[in-house]
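1. What would the 3D arrangement of this be:
(one chain, ligands or ions: 2)
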Amino acid sequence: MTMPIKSICCLGAGYVGGPTMAMIAAKCPHIKVTVADMNEQRVAAWNSDTLPVYEPGLDAIVASALGRNLHFTTDIRSAIAGADLIFVSVGTPTKSYGIGAGRAADLRYIESAARLIAEVSEGHKIIVEKSTIPVKTATAIKSILAANSPNGATFQVLSNPEFLAEGTAVEDLQSPDRILIGGEITPEGNAAVEALVSVYANWIPRERILTTNLWSSELSKLVANAFLAQRISSINSISALCEATGADVDEVARAIGMDSRIGPKFLKASVGFGGSCFQKDLLNLVYLCESFNLPQVAKYWRQVVQLNDWQKSRFVEKIVRTLYNTVNGKRIAILGFAFKKDTNDTRESPAIQVCRDLLHERAHLAIYDPRVSAETIHQDLIAAGVSPELIATNMEICSDPYTAIKGAHALATLTEWDEFRTLDLPRVYGLMLKPAFVFDGRAVLSLESLVAHGFEAFVIGKGL
Ligand code: NAD
Ligand code: UGA
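-> Numbering: from 1, shown residues only. Ligands and ions are numbered 1, 2, ... in the order given. Got it, this is the predicted structure:
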């Protein structure tokens, strides 16, 4: 018989835990959903009018359930104790120390969450891996739970990776391509899988809820991100060839994307992919392959990351070479700092590397992003190795694009915010020093139109 889920808890109120639990609460008013995090500031923000995550449509979803059956708390122990089913949605960053540094996933937050669950739990609970983790992590979680339960609690561990993309999280949660649930192939495992299926079945058609064994589910998440990132590196590699030959990468993408076997999505050339997950998950996959003694497979996937790094550095090189081999003291307007539009997230944003390298070339950067705070930009660049002194002397944050552009030698677009598509080009040209150079790393501007307005223009993937 399927165990009815009446109370859910989620450990981690981040980009995934917050929106995902808000959607579950909104769609399942009969289930109490408690999101627990030790980060007091984050929890307070979820309970306020200014959510910690910017996502179109999220405010309304949270407001519809907050205080009714959706709660955000720092009382992690009580949240665990009161739940039938516990999602673990904590961070799994790339390990920065010791064995596997720079590649393996750092599982310390997963492990401490598992230890706390074991310590606090009584009775039977379903534990769901929501975080992205290396294949076989469920084994580690199971053994921690089994060895540390003073109250004799029993557990079933499921894998239920999240496929939402930032900026479209609400849409993705409302109507996902699929929900993937992996469990142990035993009667108890099947019952736990069915219990979770019944939660999602409140709003997702059954045929889109896929169930597999644990390892297939864990691995599919890494593989999905690896394939998506690979498509971007593939089209970015072709963007360089287009620039060299006079082809247009958007035309090539359209032509190949109309082949139904290839498909049109994820073929937009850019200054490089960013975000908290693609690089981390690719490196994690590489590390797994190496651990399982598959160096050829590891090398194949590593190349996707290497191409991405090259794409970012060749963009900087293009700027420096075009500006007569020096940007020292030159004002460069940077439009966009988030890793993609419609989010305030800057994790692994290509803008970080591009700005860092331009600052190290002694450029003067005037940065504008409609959603990212000055504080975040400062922190990101300091973490990337830019000195506070260089930031103080060579960087300013602007509150609108035209202020950033005023008196600039060049402008570079690094995020595809819609508002950049409709920049007033005659006004931009009038504000800039001449020749007025544009480097469009997101192909949001039309090369023909830029040239017609008098700019010296470079648009990623467009040969002149
Ligand atoms: P995040 O850093 O925004 O949030 C993680 C939160 O977990 C933090 O607020 C932290 O304080 C909290 N936390 C850590 N240990 C805890 C504990 N023991 N108890 C309670 N809270 C704890 O991370 P995120 O972006 O939400 O990502 C979470 C996971 O989901 C990662 O594995 C990531 O790879 C995966 N993922 C992320 C996305 C995305 O779009 N960001 C999409 C799919 C999957
Ligand atoms: C990605 C996946 O799309 C999600 O399915 C997955 O759940 C998530 O990672 C995760 O595991 O964290 P996300 O990183 O939020 O989602 O955003 P994407 O839309 O995938 O964009 C990632 C990066 O690729 C961005 O920098 C974006 O600008 C870039 N991109 C995307 C391109 O350069 N070209 C494209 O055609 C698409």
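2. from here on, contacts and neighbour counts on C-alpha atoms
-> Will do.
3. Can you check what pLDDT the model gives Gly463?
-> With respect to pLDDT, Gly463 scores 86.
4. can you check Ser143 too?
-> On the pLDDT scale, Ser143 is placed at 95.
5. from now on call the first residue 206
-> Okay, residue one is now 206; in that scheme the one you just asked about reads as Ser348.
6. gap between it and Lys341?
-> 12 Å (CA to CA, to the nearest Å).
7. for Ile440, same thing?
-> Taking CA to CA, one finds Ile440 at 32 Å from Lys341.
8. Looking at those two now, which is surrounded by more residues?
-> Neighbour totals were compared for Ile440 and Lys341, and Ile440 leads with 21 against 13 (other CA atoms under 10 Å).
9. Looks to me like the more buried one is in a helix.
-> Yes. According to DSSP: H, G, I helix; E, B strand; the rest coil, Ile440 belongs to a helix.
10. who's in contact with it?
-> Applying CA atoms under 8 Å, 6 or more residues apart in numbering, we find Ile440 in contact with Val454, Ala458, Leu472, Lys473, Ala474.
11. Next: Ile322.
-> Arg282, Ile285, Leu350.
12. Ligand 2: which of those is nearest?
-> Taking CA to the nearest ligand atom as the measure, Ile285 is the one of the contacts of Ile322 closest to ligand 2, at 25.0 Å.
13. Surely that closest one and Cys214 touch.
-> Yes. Taking contacts as CA atoms under 8 Å, Ile285 lies within contact range of Cys214: 6.2 Å.
14. Overlap of the contact sets of these two?
-> Contacts common to Ile285 and Cys214, judged by CA under 8 Å, 6+ apart, are Ile291.
15. quick one: the closest residue in space to Leu419 that isn't next to it in sequence from ligand 2, how far?
-> Using CA to CA, 6 or more residues apart in numbering and skipping the chain neighbours, the partner closest in space to Leu419 is Gly387 (4.2 Å). In this view, Gly387 and ligand 2 are 17 Å apart by CA to the nearest ligand atom, to the nearest Å.
16. which residues in the stretch 506-655 of the chain form helices?
-> 555-565, 579-588, 593-599, 606-610, 623-626, 630-636, 652-657 (DSSP state H, counting those that start in this stretch).
17. Select, out of those helices, the one closest to ligand 1.
-> helix 579-588 (14.3 Å).
18. Alpha carbons of that closest one, as CSV, please.
-> Below are the C-alpha coordinates for helix 579-588, written out as CSV (Å, rounded to 0.1, in the frame of the first residue of the first chain):
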residue,chain,number,x,y,z
ALA,A,579,27.1,45.9,-6.8
GLU,A,580,28.0,43.9,-3.7
THR,A,581,27.7,40.6,-5.6
ILE,A,582,29.9,41.9,-8.5
HIS,A,583,32.6,43.1,-6.0
GLN,A,584,32.5,39.7,-4.1
ASP,A,585,32.7,37.7,-7.3
LEU,A,586,35.7,39.6,-8.7
ILE,A,587,37.5,39.5,-5.5
ALA,A,588,36.9,35.7,-5.3
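19. Dump the contacts of Ile440 to TSV, plus neighbour count and distance to Ala648.
-> Shown next, in TSV, are the contacts of Ile440 (neighbours: other CA atoms under 10 Å; distance: CA to CA, whole Å):
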residue	neighbour count	distance to Ala648
Val454	25	10
Ala458	21	13
Leu472	22	12
Lys473	19	9
Ala474	27	8
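20. and the residue in the stretch 456-605 of the chain that ligand 1 sits nearest to, what is it in contact with?
-> In the stretch 456-605 of the chain, the residue that lies nearest ligand 1 is Cys482 (5.4 Å; CA to the nearest ligand atom). Cys482 sits next to Asn430 when contact means CA under 8 Å, 6+ apart.
21. What residues does the stretch 406-555 of the chain have near ligand 2?
-> Contact residues, the stretch 406-555 of the chain versus ligand 2 (CA under 6 Å from any ligand atom): 430, 437, 471-475, 477-480, 482-483, 544-545.
22. In helices only, show me the residues you listed.
-> Asn430, Ile437, Phe483 (DSSP state H).
23. show me what contacts the second one?
-> Applying CA under 8 Å, 6+ apart to Ile437 gives the contacts Phe471, Leu472, Lys473, Ala474, Gly477, Phe478.
24. okay, the third one: pLDDT?
-> When you say that, I think you mean Lys473. Per the predicted model, pLDDT is 98 at Lys473.
25. May I ask you to confirm that it is in contact with Asp455?
-> Yes. Between Lys473 and Asp455 there is a contact at 7.1 Å, judged by CA under 8 Å.
26. Do any residues in stretch 540-552 lie close to ligand 1?
-> No. Applying CA under 6 Å from any ligand atom, one finds stretch 540-552 separated from ligand 1 by no less than 8.7 Å.
27. Can you give the distance of that stretch from its chain's centre?
-> Remark: stretch 540-552 is offset 10 Å from the chain centroid, using CA atoms, centre = their mean, to the nearest Å.
28. Can you dump the C-alpha atoms of that stretch in CSV for me?
-> Extracted in CSV, the C-alpha atoms of stretch 540-552 (Å, rounded to 0.1, in the frame of the first residue of the first chain):
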residue,chain,number,x,y,z
LEU,A,540,26.3,45.1,-20.1
GLY,A,541,25.2,42.1,-18.1
PHE,A,542,26.9,40.2,-15.3
ALA,A,543,24.4,37.4,-14.5
PHE,A,544,25.1,34.0,-16.0
LYS,A,545,21.9,34.3,-18.1
LYS,A,546,18.9,36.6,-18.4
ASP,A,547,16.0,36.7,-15.9
THR,A,548,18.1,35.7,-12.9
ASN,A,549,20.3,37.5,-10.3
ASP,A,550,22.6,34.5,-10.1
THR,A,551,26.2,35.1,-11.1
ARG,A,552,27.7,31.7,-10.1
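29. Identify the residue spatially nearest to Glu334, adjacent ones excluded.
-> Glu334 sits nearest to Ser364 (CA to CA, 6+ apart), 4.7 Å away.
30. helix/strand/coil for the closest residue to ligand 1 within the stretch 356-505 of the chain?
-> Residue nearest to ligand 1 within the stretch 356-505 of the chain: Glu367 (4.6 Å; CA to the nearest ligand atom). Classification of Glu367 by three-state DSSP places it in coil.
31. Wait, it touches Lys335, no?
-> Yes. Look at Glu367 against Lys335 with CA under 8 Å: they come within range, at 6.2 Å.
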